[in-house]
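Peer 1: below are the sequence and a predicted model; questions follow.
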Amino acid sequence: MQRIILFIVFAFLGSHLNAQAVSETDAPFNIKTVTFTQNTNNVYPFFRLGEPFQFSFDDLYGNEEDYYFTVTHYNYNWTPSDLAKAEYLSGIDNQRIQDYENSFNTLQLYSHYRLNFPNNFCHITKSGNYLISIYNSTRDLIFSKRFVVYEELVDVPMQIKRSRIVADNKKMHNVEFSIKSQNILFQNPMQNVKVILFQNGKWNNCIVNVKPQFTIGNDLIFKYNKETQFFAGNEYLYFDNKEIRAATNSISKVDSNSGLYNTFLYTNSPRKNKGYTFFPDVNGNFQPRNLTAQNSDVEADYTWVYFSLFAPEYQANSNIYITGMFNNNALTSENKMEYNTEKGIFQKAILIKQGFNNYNYTLIDSKHNIDNENAIDGNYYETENNYTALVYYRANGDRYDRVIGKGDTNSTNITN
């Protein structure tokens, strides 16, 4: 009997030690415009427990495919949590998405799918990290996307400051913040409290596992010099084709020779070493919109958008990607620029839903890491960015990582 108990214990520990962190599964070519929304606006995927939000996407096959969804809870580090599904979901998932409709009056046929939370099948009852996974009728995984549900148990005042390191002073943003609570008496905060910092809601450059620097009573203080610094980047570029047939100050010409609309953007050039220029943006966000439509969800068309970058200082084998919220900042072959040796420019065509879109050029190094230090458009402390802090807490004896608060700030009011 004792051997059986020991075997079970070691098997349990082994399964946790070998648990692998989950990552998102990128959507295939036919799945576009994957986004979370609130009040019809695209938002970063951080939601207060109990508040409604919507998940939506388009299927370019337009054949009204049956899609099913699951929602899975994860620990702070994206390893599977110990909670049973019934502990974090009221109701059941693995249900067919029933809210969908086909495009109307568009050259590109597509089906638009919507999934509300809470919905008739289930609602989320615990805070934490979540992964929504979409399956087809044969239960093959099509794609998945992360989101976070948080509680409001702590206040997280934040402030953006210029780097205290002289070499970084003109190109970095330093995030300072504290955690204050009248509801929680923190147990061993240096071990049980963890924070993730986000710049413009992006997962690919977030700062993880930020521990309190020191405490004052029950207040947790974070005033690091280097550990909470982000490269400031530059303002996003944009194009707006809500009137899909019209050229604008960012669109050089439009045609429909291929059967779909083709939108050719003016060629960009690197903005690093040119000094900061105020260039209003929406920090990577996008908004599908057809100027003459009543419902842009299904009346906005898709167009091939042709990006080009004249950057002779970069070699033909440089890894440059076009990124923004419109493509989930995905570093995939679909978004990777190709070098045209005849014209001496980087080029890429991406099929994008019409509307207002922010984008930037992301440089990847030989280890497939984002090379923020050598960013194509440079790093300027004047750049306006949104910053978010998510506070995770697991009290002694708890079985999962709660997200007990969220802080937001902007670098507009940066100080020294």
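Peer 2: Received it, and whenever you're ready, just let me know what you need. Numbers count the residues shown, from 1 in each chain.
Peer 1: what kind of secondary structure is the nearest residue to residue 109 once chain neighbours are set aside in?
Peer 2: With sequence-adjacent residues excluded and distances taken as C-beta to C-beta, 6 or more residues apart in numbering, residue 109 is closest to residue 62, at 3.7 Å. Backbone N, C-alpha and C define where each C-beta goes, glycine included. Put simply, residue 62 is coil when judged by DSSP: H, G, I helix; E, B strand; the rest coil.
Peer 1: compute the first-to-last residue distance for stretch 220-227.
Peer 2: One end of stretch 220-227 to the other measures 16 Å (C-alpha to C-alpha, to the nearest Å).
Peer 1: just the buried residues of it, please?
Peer 2: 220, 222, 223, 224 (16 or more other C-beta atoms under 10 Å).
Peer 1: in helices, which of those fall?
Peer 2: Here DSSP state H is the test, and those give no hits in helices at all.
Peer 1: tell me the pLDDT of the residue nearest to residue 109.
Peer 2: Predicted confidence (pLDDT) for residue 62: 94.
Peer 1: now do the contacts for it.
Peer 2: Counting by C-beta atoms under 8 Å, 6 or more residues apart in numbering, residue 62 touches 102, 103, 109, 110, 111.
Peer 1: low-confidence bits of this structure, can you list those?
Peer 2: For the chain, the stretches with pLDDT under 70 are 1-19.
Peer 1: per-domain residue ranges of it.
Peer 2: 19-150, 158-232+382-413, 237-364 (automatic domain parsing).
Peer 1: buried subset of the contacts of residue 62?
Peer 2: With burial judged by 16+ other C-beta under 10 Å, the buried subset of those is 103, 110, 111.
Peer 1: mind putting those residues into CSV with secondary structure and distance to residue 337?
Peer 2: Formatted as CSV, the buried ones among the contacts of residue 62 follow (DSSP: H, G, I helix; E, B strand; the rest coil; distance: C-beta to C-beta, whole Å):
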residue, secondary structure, distance to residue 337
103, coil, 29
110, coil, 25
111, strand, 30
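Peer 1: name the nearest of the residues you listed relative to residue 66.
Peer 2: residue 111 (10.7 Å; C-beta to C-beta).
Peer 1: for beta bridges, what are the partners of that closest one?
Peer 2: Beta bridges link residue 111 to residue 59, residue 102, judged by DSSP bridges.
Peer 1: which non-adjacent residue is nearest the most centrally placed residue in the chain?
Peer 2: The C-alpha lying nearest the average C-alpha coordinate of the chain belongs to residue 202 (C-alpha atoms, centre = their mean; 4.2 Å). With C-beta to C-beta, 6+ apart as the criterion, residue 202 has its nearest non-adjacent residue at 5.6 Å, and that residue is residue 329.
Peer 1: ok, now residue 34?
Peer 2: Closest to residue 34 by C-beta to C-beta, 6+ apart is residue 57, at 4.4 Å.
Peer 1: does that neighbour touch residue 30 like I think?
Peer 2: No - counting by C-beta atoms under 8 Å, residue 57 sits too far from residue 30 to count as a contact (10.2 Å).
Peer 1: so residue 298 sits in a helix?
Peer 2: Yes - assignment of residue 298 by three-state DSSP places it within a helix.
Peer 1: residues near it, how many?
Peer 2: Counted with other C-beta atoms under 10 Å, the neighbours of residue 298 add up to 20.
Peer 1: for stretch 37-53, which outside residues touch it?
Peer 2: So stretch 37-53 is contacted by 35-36, 54-56, 116-118, 124-127, 145-152, 198, 200-201, 285-287, 325, 386, 388, 390, 406 (C-beta under 8 Å, 6+ apart).
Peer 1: which of the residues you listed fall in strands?
Peer 2: Mapping these onto strands (DSSP state E) picks out 35-36, 54-56, 116-117, 124, 145-150, 198, 286-287, 386, 388, 390, 406.
Peer 1: pull out the buried members of those.
Peer 2: Buried among those by 16+ other C-beta under 10 Å: 35-36, 54-56, 117, 124, 145-150, 198, 286-287, 386, 388, 390, 406.
Peer 1: what separation do you get for residue 200 and residue 285?
Peer 2: 8 Å (C-beta to C-beta, to the nearest Å).
Peer 1: please look at the residue nearest to the centre of the chain and residue 328 and confirm they touch.
Peer 2: No - assessed by C-beta under 8 Å, residue 202 is found out of contact with residue 328, at 9.6 Å.
Peer 1: how about the domains of the chain in CSV, adding distance to residue 374?
Peer 2: CSV is the format used below for the domains of the chain (distance: least, C-beta to C-beta, whole Å):
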stretch, distance to residue 374
domain 19-150, 25
domain 158-232+382-413, 10
domain 237-364, 6
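Peer 1: burial count for the nearest residue to residue 25 once chain neighbours are set aside?
Peer 2: Leaving out its chain neighbours, the residue that sits closest to residue 25 by C-beta to C-beta, 6+ apart is residue 144, at 4.5 Å. As a burial measure, residue 144 scores 20 neighbours (other C-beta under 10 Å).
Peer 1: list the contacts for the closest residue to residue 55 other than its chain neighbours?
Peer 2: By the measure of C-beta to C-beta, 6+ apart, the closest residue to residue 55 outside its immediate chain neighbours is residue 115, 4.6 Å from it. Shown in contact with residue 115 (C-beta under 8 Å, 6+ apart): 54, 55, 56, 69, 97, 99, 132.
Peer 1: cool, residue 312 as well?
Peer 2: Residue 312 neighbours (C-beta under 8 Å, 6+ apart): residue 344.
Peer 1: next: the one 4 residues further on.
Peer 2: Residues counted as contacts of residue 316 (C-beta under 8 Å, 6+ apart) are 339, 341.
Peer 1: state the distance from residue 216 to residue 178.
Peer 2: Distance from residue 216 to residue 178, by C-beta to C-beta: 9 Å.
Peer 1: can you check residue 306 too?
Peer 2: 47 Å.
Peer 1: who's more crowded, those two?
Peer 2: residue 178 (21 against 17).
Peer 1: okay, now the sheet partners of the helix or strand containing the more buried one, with direction.
Peer 2: Per DSSP states H and E: residue 178 is located in strand 172-179. Strand 172-179 sits in its sheet next to strand 158-162 (antiparallel), strand 219-222 (antiparallel), strand 229-231 (antiparallel), going by DSSP bridges.
Peer 1: which one of the ones you listed is the most hemmed in?
Peer 2: Ranked by mean neighbour count under mean count of other C-beta atoms under 10 Å, the strands paired with strand 172-179 are led by strand 229-231, which reaches a mean of 22.
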